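# Sequence plus predicted model, see below.
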Amino acid sequence: MSKMSVLAAIAALALVTAAAADTPQPIALEPINHAEAELIIVRSDGTKQSYTPAELETLATYRVRTTTPWRDEPADFDGVLLSDLLAQSGLHLEDAIKVIAENEFSTIMPRALWETVPVLIATRVDGRAHTRRERGPIQVVIDMDDYTASPIAGEKHLVWMVARIEAE
Ligand SMILES: Nc1nc2c(c(=O)[nH]1)N[C@H]1C(S)=C(S)[C@@H](COP(=O)(O)O)O[C@H]1N2
Ligand SMILES: [Mo]
């Protein structure tokens, strides 16, 4: 490798590292009172597992600071990774999942989405419980840089009032 290409490689690595270090950041969360909510996971064999926001937060928790299509100013979203939740409930190898909201909205997420983009299942915003008024209590959040860079991520994936995830 020439000296220039070594420098270029170091610069590229620094950029990648900076982007990766950006978000999601591991964060320890103190217990708080959440809005009453429940996320039900339905496996392909029909068995179910349900999580309140506090139960979701027993998985590894992360913070993503980002805007959303509904927020011009960035906010701190805390929650768990969709990939971790699917691994814990046994849906991570499905080709796709259907995410259904309390208002009956539903959308399909292909496995490539949660495998290539950190998809946060947010349970808190700016350190507080996430309310329905703010598009909680359980909201799918993707860092806007990752969202913009992904050929797969779309606005239809940014589901709020998430109620159910089913194997497709
Ligand atoms: N709970 C819920 N989340 C949702 C939707 C919805 O109807 N309900 N619509 C989705 C789609 S298809 C898009 S484009 C955006 C639209 O948000 P808006 O209706 O506030 O513009 O949110 C997504 N998340
Ligand atoms: Mo949409």
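Nice, I can see it. Numbers count the residues shown, from 1 in each chain. Ligands and ions are numbered 1, 2, ... in the order given.
# Tell me the residues on this structure that lie near ligand 1, please.
Within the chain, the positions near ligand 1 by Cβ under 6 Å from any ligand atom are 101, 103, 105, 155, 156, 158, 159, 160, 161. For glycine as for every other residue, the C-beta is placed from the backbone atoms N, C-alpha and C.
# Any stretches of this structure with poor pLDDT?
1-22 (pLDDT under 70).
# show me the biggest strand of it in terms of residues.
When the chain is parsed with DSSP state E, its longest strand is strand 71-81.
# Quick one: residues contacting the spatially most central residue of the chain.
Centroid check for the chain by Cα atoms, centre = their mean gives residue 120 as the closest residue, at 1.4 Å. Contacts for residue 120 (Cβ atoms under 8 Å, 6 or more residues apart in numbering) come out as 24, 62, 64, 77, 79, 80, 81, 82, 140, 141, 142, 143.
# Would you mind confirming that the fourth one is in contact with residue 71?
No - checked against Cβ atoms under 8 Å, the pair residue 77 and residue 71 is beyond contact range at 9.8 Å.
# So what's the residue count around residue 127?
Look at residue 127: counted by other Cβ atoms under 10 Å, it has 12 neighbours.
# List the contacts of it.
76, 78.
# now with 10 Å?
Residues near residue 127 by Cβ atoms under 10 Å, 6 or more residues apart in numbering: 29, 30, 32, 63, 75, 76, 78.
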